[in-house]
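sequence plus the predicted model coming up.
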Amino acid sequence: MEFSQSVASSTGGCCTANSCAFGYLDTESVQVGSGGKFVYNFDSQAGSDWYEVVVAVFKEEDPLSNSILVDSKMYRGSSITGFDDEIAFAGGPGSYFLRFFAASYDKTGGTMLGASLDVNSFSFFGP
């Protein structure tokens, strides 16, 4: 996924910067007994400004209702390639999946946002 967008200018820095989420990717669901960990690998590159990525674990509920957020991690920077990380969680039995949110962060305080996200792999390991 990649995108670019113009936004209102800001003074730059964390507290005044604009950010724009532009999409997300879901992994396949995994049946879990009592928790475990998801291991994943992704690339993200700044386009017109820094990337932001949030990787979140969700527990599926009834297919007609919303899923429940279990845990998440956020990443931000100019470039990350072949990045490996994991999210460990404890939860009851059920179906769980990862959601990768892609966004761009206005690090420079300019008016252009843009970034790319490639999800390379994920796996699940039980306790």
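In hand now; what should we look at? Residues are numbered from 1 along each chain as shown.

now residue 111, what are its backbone angles?
phi -120, psi 10 (degrees, to the nearest 10).

ok, now the one 4 residues further on?
Taking degrees, to the nearest 10, you get phi -170, psi 170 for the backbone angles of residue 115.

how close does it get to residue 122?
To residue 122, residue 115 is 20 Å away according to Cβ to Cβ, to the nearest Å. In short, each C-beta sits where N, CA and C put it, glycine included.

can you give me the pLDDT of the residue positioned nearest the centre of the chain?
Geometric centre of the chain, nearest residue: residue 54, 2.5 Å, by Cα atoms, centre = their mean. For residue 54, the pLDDT comes out at 94.

over to residue 120?
On pLDDT, residue 120 comes in at 94.

same check on residue 41?
For residue 41, pLDDT reads 95.

my guess is it contacts residue 83, does it?
Yes - Residue 41 lies in contact with residue 83 (Cβ atoms under 8 Å); the separation is 6.5 Å.

who has more neighbours out of residue 115 and residue 122?
A count of neighbours by other Cβ atoms under 10 Å puts residue 115 above the other of residue 115 and residue 122, at 28 against 18.

so which strand or helix has residue 9?
Under the criterion DSSP states H and E, no helix or strand holds residue 9.

phi first, then psi, for it.
Dihedral angles (degrees, to the nearest 10) for residue 9: phi -70, psi 160.

and residue 113, how far is that from residue 99?
For residue 113, the distance to residue 99 (Cβ to Cβ) stands at 21 Å.

higher neighbour count, those two?
residue 113 (28 against 16).

now do the same for that one: its pLDDT.
pLDDT for residue 113: 84.

contact partners for it?
Counting by Cβ atoms under 8 Å, 6 or more residues apart in numbering, residue 113 makes contact with 3-7, 18-20, 47-49, 104-106.

also residue 34?
Applying Cβ under 8 Å, 6+ apart, the residues contacting residue 34 are 90, 91, 92, 93, 127.
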